[in-house]
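1. here are the coordinates; sequence isn't available:
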């Protein structure tokens, strides 16, 4: 293994991780405000033959990021950046767990609601709560990205 290989893996993991943050930021800026505006009327973007299928992005991108982060952690195990990688991997696993337990089921429950021209107050409130909590989750990912990138500035040892 070349001396730069661990660093290259950490760069690739950083790119994958930051891609996720970019996609989540885009969704919060362009997609979430539309579907959460007046549910169930505003949910039509998810319904029908040509409905938005964000899962086609989210489902494969997380395993790629996890594999790259795990590979970077293994490759950098004897390097000072191990600490930052452990923090990021641990935090990301917690965030993915919360996503699987709350965010995905709640999003599916909201976005698969039957169309109605009338706004459902309970559904609108749930959508607003989901959005606020998802912004907290995104903030956590941003903090983890800073930690991950900081690890790239840590000097490697010659072990």
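-> Noted; the coordinates are in hand. The shown structure was predicted, so the numbers you read here are calculated from the model rather than taken from an experiment.
2. every contact and neighbour count from this point should use C-alpha atoms.
-> Will do.
3. show me where the protein has its strands.
-> Using DSSP state E, no strands are found in the chain.
4. so which residue is smack in the middle of it?
-> Of all residues in the chain, the one closest to the mean position by Cα atoms, centre = their mean is residue 20, 5.0 Å from it.
5. contact partners for that one?
-> The contact partners of residue 20, by Cα atoms under 8 Å, 6 or more residues apart in numbering, come to 61-62.
6. quick one: pLDDT of it?
-> Confidence at residue 20, expressed as pLDDT, is 98.
7. just residue 158 next, same as before
-> 63.
8. what's the average pLDDT for the helix ranked longest in the chain?
-> In the chain, assigned by DSSP state H, the helix with the most residues is helix 121-152. On average, the pLDDT along helix 121-152 is 97.
9. in the protein, where is pLDDT below threshold?
-> By pLDDT under 70, the low-scoring segments of the chain are 1, 156-159.
10. one more pass at 80, please.
-> Along the chain, the parts satisfying pLDDT under 80 run over 1-3, 155-159.
11. mind listing the helices for it?
-> For the chain, the helices defined by DSSP H cover 5-26, 32-35, 55-75, 82-98, 104-111, 121-152.
12. quick one, which of the ones you listed is nearest to residue 41?
-> Across these, residue 41 has its closest neighbour in helix 32-35 (8.4 Å, Cα to Cα).
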